[in-house]
Each structure stands twice: as C-alpha cells, then as structure tokens.
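> Sequence and computational prediction follow.
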Amino acid sequence: MEQKILECSELSCGYGRRPSDNSIIKKIGFDINEGESIAILGPNGCGKTTLLRALGGIIPYEGSACIEGREIRDMKRKELASYVSSMTQLSGVYFSYTVKETVMQGRYLYCKNIFGTYDKRDIEVVDECLASTGLEKLADKQIGELSGGQLQRVFLARTLAQETPILLLDEPTNHLDLKYQAELLDFLNVWKEKETQMSDGRRVRNTLIGVYHDINMALMVAEKILLIKDGEILCFGDKKEALSGENLKTLYGLDVEYYMSERAKLWRKEE
Amino acid sequence: MNKIFSVPLPESVTPTNVSIFWDIRMPRALTAFLVGAALSVSGAIMQALLQNPLASSYTMGVSAGASLGAAFVIITGVTGTIFGMFLLPVCGFASGLLTVLLVLAFSLKIDRNMHNHTIILFGMVFSLFVNAILTLVSTLNGEHMQRLVLWQLGTFSGRRWIHVLILLICLVLGTIGTALYHRELDIMSFGQEQAMSMGVDVGKSKIMLLLLSSFLTGAAVCFSGIIGFVDLTVPHIARRIFGAKHALVIPMSLLLGGAFMALSDMVARTLLAPREIPVGAVTAFVGAPFFVWVYFHDRKQ
C-alpha cells in the first residue's frame, strides 16, 4: 500500500568540481513514502542543507535520487518544480516588490503564455496562500518594509503557491517569533495530511521533508527522523526509536536527554 | 511638420531652417533618446540579474572593450572603404561584445554555477585589464589621444538618420528579447537557488539576459561613446515610480532613459553655446547626486 515517492541510493553530493570529490553527503540511501513527514537532524555542518539542495535539484549529485521512479537530474526544471518546492534560508532582497507580487512568482511554472499573465486559478491560489500564512493585510505592502519574520512568511507563501506534493524546508522557524512558530507548526501539521493535485489530475499525498534546528520542533512535525552525522546516516526510522538517548549522544556529542530535562526544570513551579 | 503632415510652412521658415531641423537636430535628438533608452534597459537587466543595485550595463566590460576597439581603429588609421563611417562603431561593438564573451567564458570555466560575484569580479578584472592595455596603447600614440578621449566622452553631434535606424532596430530587438524574460528577471532578483527550485532555467536565462544587456549597451556605446550614470540611475527611478515588476520597469526605463538622455544632450548643446559640453559630463553631473538621493531614500524605508 505504501507508495514510495522518493528513493535514494548511493547518493553523494558536495561542492567540489565533481560531486564525488570531497563530498559532504557520502553514499547514503533511504526511501521516503508518500504522505510521510520526515525531519532531518544533525550537528552543524553535517550536510543537512546540502542533502536538501541535492533533492531540490540545486546542486548536482552522484548515485541515484528518484522521484516516483524518475531520476531528479534528468527532469526538466519546470517538471521538477511541479513535484518539489523548497524554502531555503533567506537571502538579501534588493528591490521593492509588493507581498502579493512576490507570492505570485510561485505560479511561474504554471504560466504558459509568453506575456506571463496569470489566470483566475493563479490568483485564487495566491489569495489562499496569503490567507493561510496570515498575510492578507500585508498583501500590498512592499517587502522592503517587512520584518524578518514577516518576510519569512512571504517566502513560505511563495513556496506554497507552487502547489507541490513535496515540500523541502530548511530551518523554517528561523526569524519567527514564538507565536508564528506555533502557527507554522499547526499549518505544517494540517498541510501534511492533505493531497496535492498534479497537472495530470492525479492526487498525491503531501510529503514534508524538513531540516530543523530544534529537536522539539522535529518531534512535533515529523513521524520519521533521519539522523545525519558527518555525511552519513546514523539512523533513519520512527521518531521514538531514532531519538534514543544513545543516538542523540553520538549525534551531538552531548547528553541531550539530561540537557533537555535540566531545561525543562526551569519551567517547573517551585515546590 | 510639413514633411509629415504636408502643412504649408510659414514664410519666416527658410529651407536652411528646415534642413537644420530635419537633417541635424532630429537625428541627433532621436539618437540621444535611443542611446539613453538602450542603456537604461540594459542597466535594469544587470541590476536585477546580478542582484546588485550598483551593477550597470558596463559591469561586464563592454565599455572597456569597445574603447579598445575604437582606439585600435583610430590609431591604426584604417579607413575601410566598405564600412566607411561605420568602421569605428562596428569595431567598437565587436570588441565590446568579444570582451563580454570572454568574461562569460572565464566565469563559466572557473565557476560552473556562474555565481553573481564571480561574474561581477571577472567583469571588473577584465575592464581594468583592458583599460590598462588602452592606457598603454594611447600613451605610445600620444597624437591620437585627443580623438580617443573625445570618443570616450561621448557625443551625439553629427548623427544621421542611418544611425537612428540602426539603433532603433537594435533597441527593438533587444527590448523584445528582454521582455520575454521579464518574469525570470523578477524571480532571479530574489536569488538563483530559489529561482531554480521554482522552475526557472537559471543558466540559460542568465546567459541570454547578459548577452541581451551587453548587446544593447554595445549598440549604444558604439554610436555615442561611454556615457555613464543613465544606466545606473534611471532603472532605480523607474522602480520607485512604477514598482519593481520588470513587466513595467523595462518599458518605463526605456522611456525615462530616452527622455533623460535627450534632455541631457540638449543641455550639453545649449548650456555653453556655441561650445558643447560632453553629454557624459551632464548625465554624471545630474545623475550622480540623483542616484545617491534615490538610493539612500530607498534604504531609509
């Protein structure tokens, strides 16, 4: 019954001349089923972001990474973009687009005519995305006037406007204050239960793959957890078994359970 | 007027007036307009593409290359019989474009992903290098210095209808080409990686747009010399007035840039009449402070 949506084997990638030269991700293999929510965890510099970039088709890779049986490197940009959307860490923005114009860009791949005009469906989707990220009131504001957190939500809305069944998130809670972190969590938990209609009419259950800084966040969004250390998979499995004290100790070189329980004590009322 | 609408001319207008207006003033004003328009459109492309509000059409080394080509023609004194008066512009254009291709080839070789900073860096390095050759060449050929300097400063005097026609064709082709990429420009101004994941073929769009931009600049430079600050300032003004979407920024830059250049040329021609100031001096004089104002005004918001 479980339909595999993403299959990787012997996957290597990095930033050398060829992906196998001092690669950051070293010949890893894993499968992700349709409808799953995966959290990728690991210490800084272990290759989490690099892996996401390879899956998003942004950097070349060696080995195999297939979406619904088709190799990512062989897909056309627009085709890949109809399966996978990704929200990467923020970069500078120099020009004053309005929020709505920015989110509209997410519809790029659906626009077929040479004038680049958008149809009714595009506008509906964009309005929906603005609403679900709480940006309706800011729609006509220039993005240069927004705070970091608001900007982050604009980029999330733009990514959602792409309407893909696979969503890659790279530390989505950066810049967000607690309220929006909580809202984003709720939103993601609703999103991952939904389906996306592909252009050929098929409905595909949504799959969420995220890199999270915060273990708690990962626990709240994901069912399965992929632990990466030094470019290799330490453990991939159900969150309960993956996040054993043993694994976390190896992963971070820190007694995470002890650390977390000490932190939790701060919240306990004096007895 | 009478040529277009067959309106009879008043007695006071002599055939000489008509001739001055029709054969000298009109082509000159139109050339100025077209050059300003081409430079502004190409400046708008470069700024968005390289995600750098300080990038300009000259970033890729077009101007330096064109100057060297022109210097070569002036110094060797070749007077082609076939090209005639077009030898200088054609050589300028060709060497300008050649420099751009070299910059692109080197950037690609060093950095397959063609990051913006690689392109800017190579553009600058090549400009400086070519400029060094130019300085060397012109020092060794002192007697031609003045003509070269005048060419570089830029002027619209002596332009004829044939120039207008050629420029018009270049501008129309270049602008239509650019217009086809207006959404890619919007998306790429947010960063290349995001653009890729949204389905933009970044590599292809980038090379096409860089070539289009250099083509426009090259066409402008070879008919007028190197006129600065129009390409830098006008797109920012267009963005402030009409918003950042390139579907509007491109045509508006074209119009504003053209108008600005035509006005600047009028000032250059009349301010110290009968002497002419190089039009590049006028655009820089107005453009530089204006640019600072526009740019920092944006920042404050």
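That came through, no problem.
> List the buried residues of stretch A:245-262.
A:Asn247, A:Leu248, A:Leu251, A:Tyr252, A:Val256 (16 or more other C-beta atoms under 10 Å in any protein chain shown). C-beta here means a position set from N, CA and C on the backbone, and glycine is covered the same way.
> Mind putting these into JSON lines with pLDDT?
Shown next, in JSON lines, are the buried residues of stretch A:245-262 (pLDDT from 0 to 100):
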{"residue": "A:Asn247", "pLDDT": "84"}
{"residue": "A:Leu248", "pLDDT": "85"}
{"residue": "A:Leu251", "pLDDT": "85"}
{"residue": "A:Tyr252", "pLDDT": "84"}
{"residue": "A:Val256", "pLDDT": "82"}
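> Next up, the contacts around the residue in chain A that chain B sits nearest to.
Per C-beta to the nearest C-beta, A:Ala81 is where chain A lies closest to chain B, at 3.1 Å. A:Ala81 sits next to A:Tyr108, A:Leu109, A:Gln162, A:Thr164, B:Ser197, B:Met198, B:Gly199 when contact means C-beta atoms under 8 Å, 6 or more residues apart in numbering or on different chains.
> Pull out the buried positions in stretch A:67-86.
Applying 16+ other C-beta under 10 Å to stretch A:67-86 flags A:67-68, A:72, A:75, A:77, A:79-86 as buried.
> for these, which one is nearest B:Asp111?
Nearest to B:Asp111 among the buried residues of stretch A:67-86, counting by C-beta to C-beta, is A:Arg77 at 19.6 Å.
> Which residues are in contact with that closest one?
A:Gly57, B:Met196, B:Gly199, B:Val200, B:Asp201.
> what's the spacing between it and A:Tyr108?
Distance of A:Arg77 to A:Tyr108, given as C-beta to C-beta, to the nearest Å: 10 Å.
> what's the overlap in contacts for the two?
Residues touching both A:Arg77 and A:Tyr108 (C-beta under 8 Å, 6+ apart) are B:Gly199, B:Val200.
> Next to chain A, which bits of chain B? Give me the list.
Proximity of chain B to chain A (C-beta under 8 Å from any C-beta of the partner chain) is limited to residues B:47-48, B:51-53, B:180, B:182-183, B:186-187, B:189-191, B:193-194, B:196-201, B:239, B:243-245, B:247, B:298, B:301.
> Please, a PyMOL command that selects the buried ones among those?
Applying 16+ other C-beta under 10 Å to the residues of chain B next to chain A leaves a buried subset, and the PyMOL line that selects it is:
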select buried, chain B and resi 47+48+51+52+53+180+182+183+186+187+189+190+191+193+194+196+197+198+199+200+239+243+244+245+247+298
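> how about the helices in the chain?
Since no chain was named, I'll use chain A. A:48-55, A:77-83, A:99-104, A:120-132, A:148-160, A:178-191, A:215-221, A:239-242, A:245-252, A:256-265 (DSSP state H).
> I was thinking of chain B, sorry if that wasn't clear
B:2-5, B:15-19, B:26-49, B:62-76, B:87-110, B:116-140, B:145-153, B:161-179, B:182-188, B:192-197, B:202-224, B:230-242, B:246-270, B:279-300.
> weakest of those by average pLDDT?
Note on those: lowest mean pLDDT is at helix B:2-5, with a mean of 58.
> Export the contacts of A:Arg77 as CSV, with columns for distance to B:Thr155.
Below are the contacts of A:Arg77 laid out as CSV (distance: C-beta to C-beta, whole Å):
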residue, distance to B:Thr155
A:Gly57, 50
B:Met196, 44
B:Gly199, 46
B:Val200, 40
B:Asp201, 41
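> follow-up on the earlier one: for B:Val172, which of the helices of chain A is the nearest?
Nearest of the helices of chain A to B:Val172, taken as C-beta to C-beta: helix A:99-104 at 27.0 Å.
> got the contact list for the residue nearest to B:Asp265 when sequence neighbours are not counted?
Distances taken as C-beta to C-beta, 6 or more residues apart in numbering or on different chains put B:Ala32 closest to B:Asp265, at 4.0 Å, once the chain neighbours are dropped. Neighbour list for B:Ala32: B:Phe156, B:Ser224, B:Gly258, B:Met261, B:Ala262, B:Ser264, B:Asp265, B:Val279 [criterion: C-beta under 8 Å, 6+ apart].
> In PyMOL, select just the buried ones from those residues.
Only the buried entries of these go into this PyMOL selection, using 16+ other C-beta under 10 Å:
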select buried, chain B and resi 156+224+258+261+262+264+265+279
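> Against A:Ala161, how distant is the residue of chain A closest to chain B?
12 Å.
> number of nearby residues for residue 173?
By default, I'm working from chain A. 20 (other C-beta atoms under 10 Å in any protein chain shown).
> Sorry, I should have been clearer: chain B.
The burial count for B:Leu173: 14, using other C-beta under 10 Å.
> got the contact list for the closest residue to B:Ile119 other than its chain neighbours?
Excluding the flanking residues, the one nearest B:Ile119 by C-beta to C-beta, 6+ apart is B:Ser107, at 5.0 Å. B:Ser107 is in contact with B:Met114, B:Thr118, B:Ile119, B:Phe122, counting by C-beta under 8 Å, 6+ apart.
> next one: B:Ser138
B:Ala71, B:Ile75, B:His144, B:Met145, B:Leu148.
> Could you find the closest non-adjacent residue to the fourth one?
Right, the one you point to is B:Met145. Nearest non-adjacent residue to B:Met145, counting by C-beta to C-beta, 6+ apart: B:Ser138, 5.4 Å away.
> any idea how far the one you found is from A:Ile72?
Taking C-beta to C-beta, one finds B:Ser138 at 54 Å from A:Ile72.
> Output stretch B:151-169 as CSV, nothing but the C-alphas.
Taking C-alpha atoms only, stretch B:151-169 is exported to CSV below (Å, rounded to 0.1, in the frame of the first residue of the first chain):
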residue,chain,number,x,y,z
TRP,B,151,35.2,59.4,-28.5
GLN,B,152,35.1,58.0,-24.9
LEU,B,153,33.4,61.1,-23.5
GLY,B,154,30.6,60.6,-25.9
THR,B,155,28.7,63.0,-28.1
PHE,B,156,25.7,62.9,-30.4
SER,B,157,26.8,65.5,-32.8
GLY,B,158,26.9,64.5,-36.5
ARG,B,159,24.4,61.7,-36.2
ARG,B,160,22.3,61.0,-39.2
TRP,B,161,19.2,59.1,-40.0
ILE,B,162,21.0,55.9,-40.8
HIS,B,163,22.4,55.8,-37.2
VAL,B,164,18.8,56.3,-35.9
LEU,B,165,17.6,53.5,-37.9
ILE,B,166,20.3,51.0,-36.9
LEU,B,167,19.9,51.9,-33.2
LEU,B,168,16.2,51.6,-33.4
ILE,B,169,16.4,48.1,-34.8
